[in-house]
Structures are given as structure tokens and as C-alpha cells.
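[1] let me see the structure of the following:
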Amino acid sequence: MRAFLITCLVAVAVVAAADPPPDCPFGAGALPADTLPSGVPHGSQIPIEHIVVLMQENRSFDHYFSRMHRADVDRATQAMSNPDPAGGPPIHPFHARDYCEVADLDHSWNGTHREWDGGAMDGFTTQNVDPLDPTGHRTMGYYYQRDLPFYYKLYRTFAMSDRHFCGVLGPTFPNRHYLLAGTSFGHISNDFPTTTSEFSQPTIFNRLDDAGVSWKIYQSDIAFALVYAYVRNHPPGNLVGIREYFRDAAAGTLPQVAFIDPAFLGAAENDEHPPTNVQVGQAFVASVVGAFVQSPNWSRGALFLTYDEHGGYFDHVPPPAACVPDDIPPQLNPGDVVAAFDHSGIRVPLVAVSPFARKHYVSHVVTDHTSILRFIETRFDLPALTRRDANASPLLDLFDFAHPSFVKPPRLPTARVNEHKAARCAEISGGSSGLGTARRSSRVVRAMIGAAVDISRASKARHPYGMATRSRAPVEVRSHGCYEVRSPVHLLE
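    Numbering: from 1, shown residues only. Next up is the predicted model:
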């Protein structure tokens, strides 16, 4: 046993030696003019007036884009593998023919660190063993273009990245904190505020108000940002339903900065969190993108689409070392993996949709969720919130501001929800519904953050890239968040 432990420590040391610490010369409060090289645009030099950020849930880059056959995309190959926890032959990436999963996957602090395994990226199958999946093989599944045609076309058309990582090797809440605050304030779990003043640290919303920059959060059922005291206690008008996004986009009245949250809860869930139907989430994203590209705000807009974390799915690229955001250590409990906030999380998809996005471009610049934050700070000359965003690449390589490629928006395929696959989701789940509610109870969430949210059924507005079914007959199959919609567009308010 002792020899085994020594061997493991040596292996980890070798991986760590190949992962040098990043250069982190800038700290909280650093302005873009101080951190950018001379001549790089910032502030009003960037011709973007409207920034939209849509963060979906729990999908790794290789899980969605292993089959993106482009020489300039770093993707998993069939030769890669993870060990079979049951002692069988190695498990290789495979085409996932179902659009739902039999069970959620491990994306906790402990689970993600073990999946990462010091950079070996070989712990995914072991961490995802489940009675319904004894080998954890579902983590190795991927989708083809025919499964996610809208996503494949969107990422191929606009500027994407194959080196975008989560903020932290952990679950949803800490990673969404990195997007909005540049740090998770020491949190490694999905922790809710327990007092009215908890989570009172500065966020991007404080910075935007300080600078007089307009902003809104468009929520499909409940906004993640309600965990922050500043948002909970903010005067009304900034936190609105998702239907208002479509109205604002159509009227050309989008704010300067907008964050969109999908539906996280219950049968209407469209956030792509496993085990929900991936095509339902794709269709929601398509409706958001469609409204944006048809908006009068398109000509001076930019929309970023990404995922909060990998959701337990395999990715072959080891997350790089990252700047420790602040002096707050992880809030570890006995038995937790001992680690620091000195690495990015697992790689996830990122695409920039804008008239100024570089056409068919793949960025290999290392970024994480704080890079989106830094783009907002760079555009409006806002000070950095932490060391992480102060030193983050602001995603400027995704754009050519002098030569817009998409003055006229390109045509994109309709995001269809296959009714046969949706029925298969119901079969997988045994006909049970409401997994999203069981996973994150609406009642519990509302009680803990003191938010009253009105969840309405649907909007009848139609958008160019909205949901559609394969059959003309309206159908609805609900189970584990897998459902077919009753109309070409299904928008929750």
C-alpha cells in the first residue's frame, strides 16, 4: 500500500510539474487600460453596445463536439479511454443514442477533482458508477451533428473556443459565482444564503450600477443571481421574466448587459442539466439566439453562450493552472479533497455570436468564465473584482471590430425536438416526471432565497430559430425534464 501511495504521489507530481503556475501580476481593482497591451481596444473603442450572456448547464466540450470534424478543433478521439471500474476493457468514447441519461453524473468538488485526477483525466467512469450504469460509461458519450444540428452549425459559423474552461473544479454555484463575481468566496458547494445579508460581496451588478451601465437578468423560472444580497435588495426593474427578453430584443431595447437564465426546475426544465433532453435545451437556446440576431440591437451586439460546468462528462484536455482569485480558501469539510482555487475547471463549449465575431474561427487562447466577466469590464472600463478576472483574457481574439463578418445574420437550422427520442426519454425514466423538481425543489429554493417567482406556462411568440417538432401533431411527453413541446416555440416566463 505504501509503495502504491508513493507511486501515485510521484505521478501527480509529474503532472503538476508540467503545469506551471500562471503569471498573475494584476489584482482586484485593476482597470482594462492597465492590464491590456498598448493599442488593444477597450471602453468605447469596442463597438459593442449590448452584451448578452446565456449560461446553460453541465456539458463538457468533448461530450458535445467530439465529432466536429475540423482540423483546428482539439477534440477527443476514439483511441482515448477511461478504465472500466468493473475490471473490463477500457471504455472509449461512443455515440450516445439517447438524448437523456439514466442518472445524473458526478460534478461535485470531490467528484470533479477525482475525475481530473491531477491532469490524468482518467477518473470519469469510476466517479460515475451508478446502479443503472455499473461501469459509469455514460460519461464517455458524445453527440453527432445530426443530434445537435443547431449547435454544430452555430459553433462552426461564428467564433468558438476549444480552450474555454469552467472557473473551478466543482459544481454549478461556485462556477456561476466565477462568472458573476470572479470568485466563489470560498464556496465549493451549491450553498444558498441563510441570512438576508449573506453573499453581500461585490459582483458585476454592483460594478455596472456604479458606472451607470444598464443591466437586466431575464429568468425563466428563478434567477441564480438572487443568491446575492445586492440583487435580492435591488430596486425592481432589473430582474424580469424571460418573455420580456423577447419583447426587448424585438423592440431593440435590450440593456447594455443582459444575463439569461434557463428554466432550472420541474417539467419545463430546459437548462440541459442531465438527465434532461439535450434537444429541449438546444431549442431554448435557438429561440434566444434567434431573437437576438433578428433584433435591431444585432448590429452592435454580442451574445456569449457557454456552460457552467462539465456535468460529470469526460473531456480529454487537462484544466490549466489559474490565478487564485482572492485570499479566501476553500470551505472544506472533513473528507473533502484538499485543493486550492488554483486551477480552472473542466473544458466546456463557448461561442460568441455577433456581427463582429470572426467567421469560422476557433480560438486556442486559454480562458475561463471570468474571461466573459473581463470582456464586460473591458467594454465598459470597469475595475476587476478579483485577481482571477484581472488577469483573464477578455476574449477579444474572437472578434474583428474593424471588419464585421455578419452584418446580415446567417441562416441557421431549426432546432427540432425529435418526438421519438422524447418518448424514449419517458421510457428511460419509467414514466416518472419532475426530476428537476426533485433535484432542486422549487419550494426549497424560494424559501431559502426569499424570492417570489411567477412561473407561467408559455409564450406564443414565434422566432426564426425556435423550437419545432418533427410531426405536425402537437405532442407533449414529460419525464425527467424530457418533453416535446406543443408549439414551434415554447418560452417560459
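
[2] list the residues that contact V285.
    L54, Q56, F150, Y151, L305, A415 (C-beta atoms under 8 Å, 6 or more residues apart in numbering). For every residue, glycine as well, the C-beta is placed using N, CA and C.

[3] residues in contact with L132?
    V102, A103.

[4] and the gap between it and S429?
    11 Å (C-beta to C-beta, to the nearest Å).

[5] and what of A86?
    With C-beta to C-beta as the criterion, A86 and S429 are 24 Å apart.

[6] more neighbours: which of these two?
    S429 (20 against 12; other C-beta atoms under 10 Å).

[7] from what I can see that one touches D98, true?
    No - between S429 and D98 there is no contact under C-beta atoms under 8 Å: 10.8 Å.

[8] show me the contacts for H137.
    D84, I91, F94, T125.

[9] could you say which helix or strand holds the last one?
    So that's T125. Element membership for T125, per DSSP states H and E: helix 124-127.

[10] quick check: mean pLDDT of that helix?
    The pLDDT scores in helix 124-127 average 98.

[11] repeat for stretch 34-42
    96.

[12] let's have the chain start at 887 instead
    Sounds good: first residue 887 from here, last item stretch 920-928.

[13] CA atoms of that stretch as CSV?
    Listed next in CSV are the C-alpha coordinates belonging to stretch 920-928 (Å, rounded to 0.1, in the frame of the first residue of the first chain):
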residue,chain,number,x,y,z
ASP,A,920,-3.8,48.9,-17.0
THR,A,921,-3.9,45.2,-17.9
LEU,A,922,-4.2,45.3,-21.7
PRO,A,923,-1.2,45.7,-24.1
SER,A,924,-0.9,49.0,-25.7
GLY,A,925,-3.2,49.6,-28.6
VAL,A,926,-5.7,46.9,-27.6
PRO,A,927,-9.2,48.4,-27.7
HIS,A,928,-11.3,49.0,-24.5
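
[14] related to what we said a few turns ago, got the contacts of V1171 as JSON lines, with distance to S1075 and neighbour count columns?
    Below are the contacts of V1171 laid out as JSON lines (distance: C-beta to C-beta, whole Å; neighbours: other C-beta atoms under 10 Å):
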{"residue": "L940", "distance to S1075": "24", "neighbour count": "22"}
{"residue": "Q942", "distance to S1075": "20", "neighbour count": "24"}
{"residue": "F1036", "distance to S1075": "33", "neighbour count": "21"}
{"residue": "Y1037", "distance to S1075": "29", "neighbour count": "27"}
{"residue": "L1191", "distance to S1075": "26", "neighbour count": "23"}
{"residue": "A1301", "distance to S1075": "33", "neighbour count": "26"}
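
[15] F1110 - nearest residue in space that isn't next to it in sequence?
    R1062 (5.2 Å; C-beta to C-beta, 6 or more residues apart in numbering).

[16] likewise S1291?
    Per C-beta to C-beta, 6+ apart, closest to S1291 is K1245, 4.1 Å.

[17] tell me the confidence at the one you found?
    For K1245, the predicted pLDDT is 97.

[18] wait, doesn't it sit right on H1289?
    No - under the criterion of C-beta under 8 Å, K1245 makes no contact with H1289, lying 9.8 Å away.

[19] these two: which has the busier surroundings?
    K1245 (14 against 9).

[20] so who does that one touch?
    T1043, F1044, A1045, S1291, F1292.

[21] can you check the pLDDT for the fourth one?
    Translated: S1291. 97.

[22] where's it relative to M954, distance?
    Taken as C-beta to C-beta, the span from S1291 to M954 is 20 Å.

[23] out of everything not next to it in sequence, what's closest to I1314?
    C986 (5.4 Å).

[24] then L1065?
    With C-beta to C-beta, 6+ apart, the residue lying closest to L1065 is H1255, at 4.3 Å.

[25] now for the one you found, how many residues are close by?
    The burial count for H1255: 33, using other C-beta under 10 Å.

[26] surely F1145 is in a strand?
    Yes - under DSSP: H, G, I helix; E, B strand; the rest coil, F1145 falls within a strand.

[27] excluding chain neighbours, what is closest to G1221?
    Per C-beta to C-beta, 6+ apart, closest to G1221 is N996, 7.9 Å.

[28] might you report the residue contacts of that neighbour?
    Contacts of N996 (C-beta under 8 Å, 6+ apart): G1221, D1222, V1223.

[29] wait, which of these is closest to N1163?
    V1223 (31.7 Å; C-beta to C-beta).

[30] now the strands for the stretch 1187-1336 of the chain?
    Under the criterion DSSP state E, counting those that start in this stretch, the stretch 1187-1336 of the chain carries strands at the ranges 1187-1193, 1236-1239, 1248-1249, 1253-1254, 1301-1303.

[31] which other helices and strands contact the last one?
    What it means is strand 1301-1303. helix 1035-1043, helix 1164-1179, strand 1353-1355 (3 or more C-beta pairs under 8 Å, 6 or more residues apart in numbering; DSSP states H and E).

[32] for the longest one, same thing?
    With contacts defined as 3+ C-beta pairs under 8 Å, 6+ apart, the secondary structure elements packing on strand 1187-1193 are strand 936-942, helix 1164-1179, strand 1236-1239, helix 1255-1266.

[33] what mean pLDDT does the helix or strand that the first one is followed by get?
    Toward the C-terminal end, the helix or strand that comes next after strand 936-942 (DSSP H and E) is helix 947-951. For helix 947-951, the per-residue pLDDT values average out at 98.

[34] identify the residues contacting helix 947-951?
    With C-beta under 8 Å, 6+ apart, helix 947-951 has contacts from 959, 961-962, 979, 1027-1029, 1034, 1037-1038, 1041, 1048, 1050, 1196-1197, 1199-1203, 1233-1235.

[35] show me what contacts L1125?
    Counting by C-beta under 8 Å, 6+ apart, L1125 has contacts K1102, I1103, Q1105, A1109, A1111, L1112, V1117.

[36] pull the most distant pair out of the residues you listed.
    K1102 and L1112 (13.7 Å).

[37] how many residues are close by D1213?
    7.

[38] same question for the one 4 residues further on.
    Other residues lying near Q1217 total 14 when counted by other C-beta under 10 Å.

[39] right, and A1115 touches P1088 too?
    No - with contact defined as C-beta under 8 Å, A1115 does not reach P1088; the gap is 10.7 Å.

[40] H999: what secondary structure?
    helix.

[41] got phi/psi on the closest residue in space to it that isn't next to it in sequence?
    Leaving aside its chain neighbours, H999 sits nearest to V1223 (4.3 Å; criterion: C-beta to C-beta, 6+ apart). When read as degrees, to the nearest 10, the backbone of V1223 gives phi -60, psi 130.

[42] enumerate every residue touching V1223.
    V1223 sits in contact with W995, N996, H999, R1000, where contact means C-beta under 8 Å, 6+ apart.
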